[in-house]
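# Structure for the following, please:
(one chain, ligands or ions: 1)
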Amino acid sequence: MSENLNPFKVAQTQFDEAAERLGLEPAMRTLLRWPRREYSFTIPVKMDDGSSQVFHGYRVQYNDARGPTKGGLRWHPEETIDTVRALAAWMTWKTAVVDIPLGGGKGGVTCDPKKLSEGEKERLARGWVRAVARELGEHRDVPAPDVYTTPQIMAWMMDEFETIVGRSHPAVITGKPLPLGGSQGRNDATARGGVYTVREACAALDIDPGGAYAIQGFGNAGQFAALLHRQVLGGGKLVAVSDTSGGIYQPDGFDPEEIIDYKKKNGKVAGFPGTQPISNEELLELEVNVLYPSALENVITAENAGRIKARISCELANGPTTPEADEILFKNGVHVIPDFLANAGGVTVSYFEQVQGTYNYYWPLEQIHTSLDAHMTRAYQEVRQLQQEMNVHPRLAAYLVSVTRVAEAVKLRGWV
Ligand code: NAD
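A predicted model of the protein is given here:
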């Protein structure tokens, strides 16, 4: 039978495995298997040519037992309610694994932002906020950027919200530009957090941090991972990167900064001089010490998992590996740092931004880095310890940590 690649089904299957291990009672299982609230709405937007277009928008508040829901907004042509549900579930487990006092949520708009002008994006951003403003706020639900949404979009959204409520409210949204209450260190936080976990994994597994690494997806997460891997680990040879245009490969390694410049100028990595082309699929199968899947879901499946040769797969993307693939990778000794642990640096610094916005007092960059490192290192070590104790694959270990924490909060509240 072929695998079910619906991301929400994947998220539920992963949860079910953890619920079974923990022996959760039926009511608790049902509660944690589904979003608590979800909103699905239309957003009419006046286009530059004078026409009107109607977009579909979403917000899912998956679970708020541990605190206000928190999670990014994706603007993507293939966005569906099930993608948003899955990402909201993963946000719930993510905030729990790094032990920050927040729940999980996610939102999005089905659209192709590459085809929208700046003015159309602004009207879409403001329209999204108007549709759900009554559900937002630092004590309710706090959005942030995700795929194809930017600090500028967060700025328009904050402005719209403040206009509606009639007062300053910087903690309503995170990932804002610095002059509007953004946090130092938010731009590279996802990649930085992931690289901290790779540092810990290399030490735990005695893997040379100076070896080869490859990155699938070369946006915010992928580009910063390219740079920070070498900075934080003190070495490493970047041999391949890819984006939607395809990939490039150079076994002797290349300079991440030069590729970032090239992508800025050309809009893609393909064609970078001195490299050979490689497909996105081939990149995943390279013999490297560290692979960073940093694009989208379901790229490592039962079909190709047996050919993955990386020693560590640090999942900066959400949902890159299917449940069947997890079992294969575990059997083959590929150490997966699961998405909701590996990429939790983004929400952790978003949480710092929310705290700073609430107090209207801002921290220096060093404080952000030190606190982020402490959260990520502790989370990695807790998951690793449980993984070894129970001899389960790392994603299941991470689920066991997170689901236990969320279930405890649900119990203490007396919900079930
Ligand atoms: P982004 O939009 O900045 O970059 C995405 C990159 O992936 C682009 O380079 C794009 O060309 C590439 N891409 C898209 N489809 C691809 C495909 N099929 N094959 C290869 N490359 C492809 O997005 P981002 O913020 O870097 O997010 C990437 C992943 O990381 C997503 O799964 C996102 O949910 C996750 N993530 C991001 C953050 C964050 O703070 N940015 C936080 C947590 C998780």
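# Domain boundaries for the chain, per the record?
Here the domain assignment for the chain is 38-180, 189-342, based on automatic domain parsing.
# closest to the ligand out of those?
The ligand sits nearest to domain 189-342 of all the domains of the chain, at 1.7 Å, using CB to the nearest ligand atom. Glycine gets a C-beta too; all of them are placed from N, C-alpha and C.
# And the closest one, end to end?
11 Å (CA to CA, to the nearest Å).
# do it and the ligand meet at all?
Yes: judged by CB under 6 Å from any ligand atom, domain 189-342 and the ligand are in contact via 190, 216-222, 242-244, 280, 294-296, 316-318.
# One more: stretch 351-358?
No: judged by CB under 6 Å from any ligand atom, stretch 351-358 stays clear of the ligand, getting no closer than 11.8 Å.
# Mean pLDDT and mean neighbour count for the domains of the chain - can I get that in CSV?
Shown next, in CSV, are the domains of the chain (pLDDT from 0 to 100; neighbours: other CB atoms under 10 Å):
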stretch, mean pLDDT, mean neighbour count
domain 38-180, 97, 20
domain 189-342, 96, 20
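# rewinding a little: in helices, which of the residues of domain 189-342 next to the ligand appear?
Residues of the residues of domain 189-342 next to the ligand located in helices (DSSP state H): 190, 220-222, 280.
# Show me which pair in those residues is furthest apart.
The distance between the two most remote of those (CB to CB) is 20.1 Å, for 190 and 280.
# Next, count neighbours for residue 28.
18 (other CB atoms under 10 Å).
# Now tell me what touches the helix or strand in which it is found from outside.
For residue 28, the host element (DSSP states H and E) is helix 26-33. By CB atoms under 8 Å, 6 or more residues apart in numbering, the residues outside helix 26-33 that reach it are 12, 15-16, 19, 24, 63, 403, 406-407, 410-411, 415-416.
# Who does the following helix or strand past that helix pair with, and is each partner parallel or antiparallel?
Following helix 26-33 in sequence order, the next helix or strand is strand 37-46 (DSSP H and E). Sheet pairing of strand 37-46 (DSSP bridges) gives strand 52-63 (antiparallel).
# Determine the set of other helices and strands touching the following helix or strand past the partner strand.
The helix or strand immediately downstream of strand 52-63 is strand 69-76, counting by DSSP H and E. Strand 69-76 is packed against strand 52-63, helix 81-97, strand 104-110, strand 141-145, helix 345-359, with contacts defined by 3 or more CB pairs under 8 Å, 6 or more residues apart in numbering; DSSP states H and E.
# for the stretch 201-350 of the chain, what spans make up the strands?
212-216, 237-243, 246-249, 276-278, 290-293, 312-314, 335-337 (DSSP state E, counting those that start in this stretch).
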